[in-house]
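>>> sequence and computational prediction follow.
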Amino acid sequence: GIVVPNQDPDPALAATEVERYLRAARDALRSKTPDADAAMREAQKALDVDATNVEAQVVIAHAYYAKKIYDNAEVILDLLFKNRPTSKSNPYVYYLYGLIYDRTDRRAQAFAAYKKAVELDPSHKSALINVGVHYLMNKQFDKAVEAYEKLTGELRVNDAATWNALGTAYRGKSGDYNPGDGPRDEFLRKSERAYKQAVSIDANYAPTYYNLGLVYLDADPYPTESGPMDTLQRLERAKTYFDEYRGMPGADLALVDEQTKAVAKSIKREEKKRKKKPSSDSEG
């Protein structure tokens, strides 16, 4: 008898091929300037091998997101959610929903989607970073500290933006205490350390300079190892950081002008106060 050749592709071989296309597609999206068209082409090759592949569909949705065609991206995810039960346990799906919701001003839904992604994959760095951003926006500083400490610690995310955000979470947390409280001083010192870590990683990351200026402007008294920092010294330090921020590309000049005026006013007030006082009492 005649032996009919087996037309079915070898499943193991097919899986390897799909994985190769998906890796190329994800790399295209991850590059400094994402190449959405290349990602779509590679993801489509994966679908040609396995038409039911959820990851490939999600990559195509992500490519539409990268092209700023948010409607198409969302439609693909909605269809996956309806027709492919496994997509409901896929962290990438929720992360992408979060990105789309953020871009289309549905903040609460974005936050919920990122949290679900992290619940499904606790080491999903990008989703956890965005959860942290929402905690900061909502002034949930306890939770923000927790998220960013996990990112910079256990998950070893070591970039200026993440350390800067951790500094802001600590600074926010310090506001829960009264001046002179031990925990307030501890959080302020941690905040300064985190910001300086950000600067050491990327000296051109502008937001950190602005935030360092704010720390010194707002935290009165400012704790040092040997007691409160001299008021004029604290204000001069704030001014220095705001000036550095102003000189950086992408600086928000209107924002920094406002703070610089506040610093100048405070310096004037402090100098006036000192002229009136005997010089022995210069702590202010």
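Nice, I can see it.
>>> who touches the longest helix along the chain?
What stands out as the longest helix in the chain, according to DSSP state H, is helix 253-276. With Cβ atoms under 8 Å, 6 or more residues apart in numbering as the test, helix 253-276 has contacts from 210, 213-214, 217, 231-232, 235-236, 238-239, 242-243, 245-246, 282, 284. Placement of C-beta: from N, CA and C, glycine included.
>>> where along this protein do the strands fall?
Applying DSSP state E to the chain gives strands spanning 223-224, 227-228.
>>> between these, which one is nearest to residue 164?
Closest approach to residue 164 among the strands of the chain (Cβ to Cβ): strand 223-224, 20.6 Å.
>>> what sits closest to residue 65 if chain neighbours are left out?
residue 73 (4.3 Å; Cβ to Cβ, 6 or more residues apart in numbering).
>>> ok, now which ones touch the one you found?
Contacts for residue 73 (Cβ under 8 Å, 6+ apart) come out as 61-62, 64-65, 96, 100.
>>> tell me the mean pLDDT for the longest helix of the chain?
The pLDDT scores in helix 253-276 average 93.
>>> centre of the chain to that helix, how far?
31 Å (Cα atoms, centre = their mean, to the nearest Å).
>>> swap in stretch 246-262?
Relative to the centre of its chain, stretch 246-262 is centred 22 Å away, using Cα atoms, centre = their mean.
>>> tell me which residues of it are tucked away?
246, 248, 251, 256, 259-260 (16 or more other Cβ atoms under 10 Å).
>>> quick revisit: if we take the contacts of helix 253-276, which one ends up nearest to residue 167?
Lowest distance from residue 167 to the contacts of helix 253-276 (Cβ to Cβ) belongs to residue 214, with 10.1 Å.
>>> what is the neighbour count of the closest one?
19 (other Cβ atoms under 10 Å).
>>> show the pLDDT at the residue positioned nearest the centre of the chain.
Closest to where the C-alpha atoms of the chain average out (Cα atoms, centre = their mean) is residue 129, at 4.4 Å. Listed pLDDT for residue 129 reads 98.
>>> ok, it - contacts?
147, 151, 157, 161-162, 165 are the contacts of residue 129 under Cβ under 8 Å, 6+ apart.
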